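Chemist: show me how the following folds:
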Amino acid sequence: MQDLNILTKDFVVGTGNPIDKGKIVTVQFGAEEDGSLSTSTFTYGNNEIPIGIEIGLQGMKTGGKRRIIIPPEMNPNIVQRNKSVTIDAELMSVDVCYEKKMLAFIKYRDCSPQ
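Modeler: Sure thing, here's the model as predicted:
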């Protein structure tokens, strides 16, 4: 996959629930540069993570493992802005419910079939 010069390489293609806008997902991220790991839960498609990472996650399914290479112009790291960033991502879970907004400050979960 290539979008806005973001490169991805799947190591494991997931077989579970697909990632989709508005779904709550849990992803384990690993930074190639320092080997650090972090796990994050967020609503996919709500700009809660840097756009380069969000684009890199497109099309993944639960259980998938993917390397995402973000070009310098989309590097979210202010300190090393002129450098590509390589991130390994494992999609741990995709909630079957969607997070929706009724008003700007009221959120609710919709678990009805989409």
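
Chemist: contacts, neighbours, all on C-alpha from now
Modeler: Noted.

Chemist: where does the prediction get shaky in this protein?
Modeler: 1-4, 32, 76-81, 98-114 (pLDDT under 70).

Chemist: what are the ranges of the strands in it?
Modeler: Here the chain has its strands, by DSSP state E, at 2-3, 6-12, 23-31, 37-43, 65-70, 85-103, 106-110.

Chemist: the third one pairs with which strands?
Modeler: Strand 23-31 has its sheet partners listed here by DSSP bridges as strand 37-43 (antiparallel), strand 85-103 (antiparallel).

Chemist: next one: the fifth one
Modeler: Strand 65-70 has the following strand partners under DSSP bridges: strand 6-12 (antiparallel), strand 85-103 (antiparallel).

Chemist: make JSON lines from those strands and add distance to Ser36 to it.
Modeler: Formatted as JSON lines, the strands paired with strand 65-70 follow (distance: least, C-alpha to C-alpha, whole Å):
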{"stretch": "strand 6-12", "distance to Ser36": "19"}
{"stretch": "strand 85-103", "distance to Ser36": "10"}
